[in-house]
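Enquirer: Quick check, what structure comes out for this input:
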Amino acid sequence: MLPVSADSWDDFGSVERMWDGQKSITNKEFEEVMDALQTNQKQKEEKQKKKKIKKISGGGSSLHTELSPEKEINEIPNLKNKADEGVLINVPVNLVLGENVLEKGFYKVFARKDDDKKIYVSFYQSQFFKGELEVTETEDDFGEDEIDFAKLIPYNKSFMRMIFGSLDFNASALVPYIEE
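Expert: All right, here's what the predicted structure looks like:
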């Protein structure tokens, strides 16, 4: 058994008065301290952001003001896939789609990719389905300025080239035609 000193047990009497000298803090003072801490955090984040920009841009200034490291980099807005609305095309000849003949006129075309990764372009006049064409996916953008496009381009005396482009894919196919 260890010896125990009775003097050390006498100090526990002051436990009740331990918080007597402490100052109470108001809500306003607490919020001021929290704001100061958040300001420090924001400054720290800003410093890290400048460090990253300096690491990417090399820290020097550019001759081009739009490439300046201090300039805010804007995010690209979300692009809307216009192919969901269809693309209007002019069909100047009678196209042969399988066993059907698609007559001259204006058509709204929609493209879809099925589960087998095959791509089909559907032709509509008003709300009426007129025909469908299987096309082959390609990386070629055919020199078009827009993301969403569809065109028929003369290929030779027997075929037209159908080109289609969207945010999701680009495709093309050779389509036989009949001239009247």
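Enquirer: Helices along this protein, start to end?
Expert: Assigned by DSSP state H, the chain shows helices spanning 6-9, 27-57.
Enquirer: Roughly how far does residue 101 sit from residue 44?
Expert: 70 Å (Cβ to Cβ, to the nearest Å). For the C-beta atoms, the positions are set from N, CA and C on the backbone; glycine is no exception.
Enquirer: Low-confidence stretches in the protein?
Expert: Across the chain, the ranges flagged by pLDDT under 70 are 1-19, 21, 55-84.
Enquirer: Quick one: the strands in this structure, in order.
Expert: Assigned by DSSP state E, the chain shows strands spanning 87-91, 94-97, 100-102, 105-113, 119-125, 128-138, 149-154, 159-165, 170-178.
Enquirer: just these: most buried one?
Expert: Per-stretch averages of neighbours, counted by mean count of other Cβ atoms under 10 Å, single out strand 159-165 among these, with a mean of 20.
Enquirer: helices and strands around that one, which ones?
Expert: strand 128-138, strand 149-154, strand 170-178 (3 or more Cβ pairs under 8 Å, 6 or more residues apart in numbering; DSSP states H and E).
Enquirer: Pull that strand out as PDB, backbone CA atoms only.
Expert: Extracted C-alpha coordinates of strand 159-165, given in PDB (Å, rounded to 0.1, in the frame of the first residue of the first chain):
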ATOM      1  CA  PHE A 159     -24.300   9.400-104.100                       C
ATOM      2  CA  MET A 160     -24.700  12.300-101.600                       C
ATOM      3  CA  ARG A 161     -22.600  12.500 -98.500                       C
ATOM      4  CA  MET A 162     -24.700  13.100 -95.300                       C
ATOM      5  CA  ILE A 163     -22.600  14.700 -92.600                       C
ATOM      6  CA  PHE A 164     -23.900  15.200 -89.000                       C
ATOM      7  CA  GLY A 165     -22.200  16.800 -86.000                       C
END
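Enquirer: which residues are contacting that strand?
Expert: The contact list for strand 159-165 (Cβ atoms under 8 Å, 6 or more residues apart in numbering) reads 87, 93, 95, 109, 111, 121, 133, 135, 141-142, 144, 146-155, 170-177.
Enquirer: want to throw the helices of the chain into JSON lines with mean neighbour count and distance to residue 166?
Expert: Formatted as JSON lines, the helices of the chain follow (neighbours: other Cβ atoms under 10 Å; distance: least, Cβ to Cβ, whole Å):
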{"stretch": "helix 6-9", "mean neighbour count": "8", "distance to residue 166": "83"}
{"stretch": "helix 27-57", "mean neighbour count": "10", "distance to residue 166": "32"}
